[in-house]
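Enquirer: The following comprises the amino acid sequence and a computationally predicted model.
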Amino acid sequence: MVRKRRTELPGGGESSESQETGGGRGGAQRPPAQQQQQQSPPGGGRGWGPQRGGYGGRGGGGRMPPQTYYGGPPEYQQGRGGQQYQRGGPPPQRRGGVAVGRGPGAPAGGPSRPAGPPAPELHQAMQAPYQATVTPQPVPYGSPAGTYVEAGSSSQSPEPTPSEVTEQIQQLGIQSEAASSQAMQPASSKSMRFPLRPGKGSSGTKCVVKANHFFAELPDKDLHQYDVSITPEVTSRGVNRAVMEQLVKLYRESHLGRRLPAYDGRKSLYTAGPLPFVSKEFRIILLDEEDGPGGARREREFKVVIKLAARADLHHLGMFLQGRQADAPQEALQVLDIVLRELPTSRYCPVGRSFYSPDLGRRQPLGEGLESWRGFYQSIRPTQMGLSLNIDMSSTAFIEPLPVIDFVTQLLNRDVSARPLSDADRVKIKKALRGVKVEVTHRGNMRRKYRISGLTSQATRELTFPVDERGTMKSVVEYFQETYGFVIQHTQWPCLQVGNQQRPNYLPMEVCKIVEGQRYSKRLNERQITALLKVTCQRPHEREYDILQTVHHNAYAEDPYAKEFGIKISEKLAQVEARILPAPWLRYHDSGREKDCLPQVGQWNMMNKRMVNGGTVNNWICINFARNVQDSLARSFCHELAQMCITSGMAVNPEPLLPVVGGRPDQVERILKARFHDVMTKLQPHGKDLDLLIVILPDNNGSLYGDLKRICETDLGIVSQCLIGLPIIFGADVTHPHPGEDSSPSIAAVVASQDWPEVTKYAGLVCAQAHRQELIQDLYKTWQDPVRGPMTGGMIKELLISFRRATGQKPQRIIFYRDGVSEGQFYQVLLYELDAIRKACASLEPNYQPPVTFVVVQKRHHTRLFANNHNDRHAVDRSGNILPGTVVDSKICHPTEFDFYLCSHAGIQGTSRPAHYHVLWDENKFNADALQSLTNNLCYTYARCTRSVSIVPPAYYAHLAAFRARFYMEPETSDSGSMASGAAAGRGAGPGPRNTRVPGANAAVRPLPQLRENVKRVMFYC
């Protein structure tokens, strides 16, 4: 049978980055200057204070529509009517941190703002007339308390002190009502402009780094775009390209004016100059790759119509690069990108913006029938230095081109002929092979290709099919014996199904071989991820060398398409001016031998230090699920852990409430619930709770970790730890299901700081939303209460109320770090989510509109920074990477907008990836130094480790919270599902959660199970 062939491969991410590790540390103490802030009386402020039934925007709580939020104290959740905190104090927190000594923020107090419109749409909040910079004067170490100076080179800026950071913060205060004004925010992206760069930063030690960007000379050509129509229409880009390749080969000299066009594989063709026609039709004949019956190859005829569509204007691209035009001309950039992709597309296997080939590096086995291919990423980008070509090394997983029998043997990791396939085996095989292309091997040179749609439910020996119109049936075994002389050996196995249900086509596994060059787009297991990371992990100097070799091998100067269009690519890495921001001083408790410390190369330790605001753990127990850890060793470990916590400033009972107990991992739920019953029998008469459960896990714990977190945090209410202007700072992220999971919901998470100036405690809320929906649906929402009428709520409102409860004041500024947004989604996300923030604020008080700064945090990019001299020990850390605090806001950054690259962490292994921060909205009017310093300093407050981390902690916490919530959803193991562990829809326990829908979607999202109230009050996701 003849079938259309799909040669395009599914897209996806590549693995190219090392991971960070973490431990734990404690909290920070508020400086004396912050302790004299005015406290608002409880109950005041239209929905800000305690009210009967909750906190609402209409003088009280109402019944929320059922939606689960994780992390907010019960009294902040409308209609829950939970217990109130005693004496109006903040909720207890188990996490602490350290106070950082630098970084602008918002004031603790300050004048109120003038009234605005009572029900704003998207409108501009008031601008505070200030520049958030303070230049502290150096003072000798040992001067009066609270003063610090830098230890090191005099060329650097002086180190800020805790008192100076308070002074800096207060510079951010809202100044005077007269100086403020309001302007309506644009209602659409057409009239909206991202903030212009407010000058470049100057603080820190200046240095030069190299970036994997290569200068591209803008061509001086007259570019034309043509629409392409191919009939009969095919979905495969590979077939389309084969048709156009044949057309150019036949007609370039005679009909195309000797032009060499660039083709996008779909509907568009581009030329450097006009073709000698406006519209023309061609007839193209292609030969099938496979032999037909009798050895002849089948011919396929296509009609191709090429019609002039438009001219691509490079003049506006030049204007944009010079900063004289606001919008990037995407069409012109797309043309140049397609031109530079033409040659590698014909040579290699394209996946997204990357190209892979077994010829670009040795294949590495990943296990279970997969192997890694090496390749490179390529993208043309507008930057301050003009056009640049971003080149980076990459690796990803491909399916090994094995006989299907061998693939299944590797997949199941056993001799498949030893025993029949179980139902679980069949499900695993079906999920792994669905959509994979195979070629038959039993017909000589006729290697016809098919795409697998599933497995037969019956064994091969039981399968029959009609062989004529009369319905005469013949078995598959007989057919292969009589037609091809092929004796099927594995008759007990199912066949591959390559047809549809109406017209099934059965192929025995042993006559099929997997076609080479198919990227594996489904989720990798832990062993495969580890193997892939080993392949991709390169020291900076090795990665730099490979990038340069790739550019040399690509030989852009000899590329016929680049020459045709006049594009010239430099073969030298861009040299970029950078600065190394100073690390902040970290303040610890005065009772420790060391009251403060200055991190060295992005890290420090807890020796001789005691945490500020250390947590309290009175009642704890330990369960040991690791069979190789004896209970005596577990008891010794717990005792030492308790002593270390006490030494570090925590109030911890040195003895567990009950003796350490061991258990089997497959009985986790039974053991947890039995032990919890024993604990509560002992504690409940005294009105006490279990504060902490310590769990010792085996090395390969599979789904045990997720099961344990789900049971503890949603069923039992146990916090567990597994061992292996006054601003509010938000972090937000949306995590999507793994590839291949077609119906699982996306998880949105928002966290917000709950203290100032320490900024170490965060409350977090999580909810499920429609599959792959990037916009956070429940930032703000309204509903109709049958008794109270219109009601408002949502994640932003809950967190603002929680902040007010914890600090006694409402936030006067909002800084919103948003993770996981691609450049193509910037306008959409900003318009939707900024509108939600505005409405949430207005729902608390009609005139409450604190200025907002909205910053996108990007890690999934391919810019890498290298030391200018890898042998200079003063320019690199121990891993050979650039020093933590290195910031770049010139040359490779956006021509006009406010963005920067910041490498805030020390490398551990591989090449560090700097975070890219892009400011989409800035009513706080940060200058470059202020926002870069704030962001860098926040990276030293991460609760899990005594290291600075690679992205700003609120964004990190939001990611952790969203990832944790996926554990609360039980895995689906049915044959019909395509989901892996931890990715099914929620369990729906308890009242409250509502079904969320994305506009236009028909399927409701099953809600997440609710967290227990005592778990919500702590940073449970850490």
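Expert: Received, thanks.
Enquirer: C-alpha only now, for contacts and for neighbours.
Expert: Will do.
Enquirer: ranges for the strands of the stretch 301-450 of the chain?
Expert: Using DSSP state E, counting those that start in this stretch, the strands of the stretch 301-450 of the chain run over 349-351, 354-357, 364-367, 370-383, 386-399, 437-440, 449-451.
Enquirer: Between strand 370-383 and the fifth one, find me the angle.
Expert: With axes from the mean of the first three to the mean of the last three CA atoms, to 10 degrees applied, the angle from strand 386-399 to strand 370-383 works out at 170 degrees.
Enquirer: just to revisit the earlier point, wait, which of the strands of the stretch 301-450 of the chain is closest to Y817?
Expert: Among these, the nearest to Y817 by CA to CA is strand 370-383 (23.1 Å).
Enquirer: which helices and strands sit right next to the closest one?
Expert: helix 330-347, strand 354-357, strand 364-367, strand 386-399 (3 or more CA pairs under 8 Å, 6 or more residues apart in numbering; DSSP states H and E).
Enquirer: Q364 contacts S395, doesn't it?
Expert: No - applying CA atoms under 8 Å, one finds Q364 not in contact with S395, separated by 10.1 Å.
Enquirer: which of those two has more neighbours?
Expert: S395 (26 against 17; other CA atoms under 10 Å).
Enquirer: Counting neighbours, what do you get for the closest residue in space to the more buried one that isn't next to it in sequence?
Expert: Leaving aside its sequence neighbours, S395 sits nearest to R374 (CA to CA, 6 or more residues apart in numbering; 4.5 Å). Neighbourhood size, R374 [other CA under 10 Å]: 21.
Enquirer: H315 too?
Expert: Neighbours around H315, by other CA under 10 Å: 12.
Enquirer: hang on, the earlier thing: correct me, but the residue nearest to S395 touches P350?
Expert: No - applying CA under 8 Å as the test, R374 and P350 come out as separate, 11.8 Å apart.
Enquirer: Find residues that contact each of these two.
Expert: Taking CA atoms under 8 Å, 6 or more residues apart in numbering as the criterion, R374 and P350 both touch Y356.
Enquirer: overlap in contacts of Q364 and S395?
Expert: In contact with both Q364 and S395: S372, W373, V535, using CA under 8 Å, 6+ apart.
Enquirer: For the stretch 201-350 of the chain, just list every one of the helices.
Expert: 237-251, 314-321, 330-347 (DSSP state H, counting those that start in this stretch).
Enquirer: Turn the ones you listed into a markdown table, including mean pLDDT and distance to L830.
Expert: Shown next, in a markdown table, are the helices of the stretch 201-350 of the chain (pLDDT from 0 to 100; distance: least, CA to CA, whole Å):
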| stretch | mean pLDDT | distance to L830 |
| --- | --- | --- |
| helix 237-251 | 93 | 34 |
| helix 314-321 | 88 | 22 |
| helix 330-347 | 92 | 20 |
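Enquirer: Those helices: which one's closest to T941?
Expert: Across those, closest to T941 is helix 314-321 (CA to CA), at 37.4 Å.
Enquirer: List the buried residues for that closest one?
Expert: L314, H316, L317, G318, F320, L321 (16 or more other CA atoms under 10 Å).
Enquirer: so what secondary structure elements neighbour it?
Expert: helix 330-347.
Enquirer: And the helix it packs on, what's buried?
Expert: 332-333, 335-345.
Enquirer: and which of the residues you listed is nearest to P540?
Expert: Of the buried residues of helix 330-347, the one sitting nearest to P540 (CA to CA) turns out to be P344, at 25.0 Å.
Enquirer: Let's see the pLDDT reported for the residue nearest to that closest one when sequence neighbours are not counted.
Expert: Distances taken as CA to CA, 6+ apart put F355 closest to P344, at 7.0 Å, once the chain neighbours are dropped. As predicted, F355 sits at a pLDDT of 96.
Enquirer: do the same with the one 3 residues further on
Expert: Here the pLDDT value assigned to P358 is 90.
Enquirer: burial measure for it, as a count.
Expert: 15.
Enquirer: What of V876?
Expert: For V876, using other CA under 10 Å, the count is 21.
Enquirer: gap between A875 and G204?
Expert: 14 Å (CA to CA, to the nearest Å).
Enquirer: Walking through the stretch 901-1022 of the chain, point out its strands one by one.
Expert: Counting by DSSP E, counting those that start in this stretch, the strands of the stretch 901-1022 of the chain are 915-922.
Enquirer: For the chain, identify the residue most remote from the centre.
Expert: For the chain, the residue at maximal distance from the C-alpha centroid (CA atoms, centre = their mean) is R470, at 57.7 Å.
Enquirer: And that one, its phi and psi?
Expert: Taking degrees, to the nearest 10, you get phi -80, psi -10 for the backbone angles of R470.
Enquirer: And it, what's its pLDDT?
Expert: For R470, the model assigns a pLDDT of 81.
Enquirer: Check the one 10 residues further on too.
Expert: The score at F480 is 89. That number is its pLDDT.
Enquirer: what's the helix or strand that contains it packed up against?
Expert: F480 is part of helix 476-484, with elements assigned from DSSP states H and E. With contacts defined as 3+ CA pairs under 8 Å, 6+ apart, helix 476-484 has no helix or strand neighbours.
Enquirer: Whichever helix or strand comes after that helix: how far from the chain's middle?
Expert: With elements assigned by DSSP H and E, the helix or strand that comes after helix 476-484 is strand 494-497. Relative to the chain's own centre, strand 494-497 is displaced by 37 Å; criterion: CA atoms, centre = their mean, to the nearest Å.
Enquirer: picking that back up, return the set of residues that bridge with the residue nearest to P344.
Expert: Taking DSSP bridges as the rule, F355 bridges to P350, F376.
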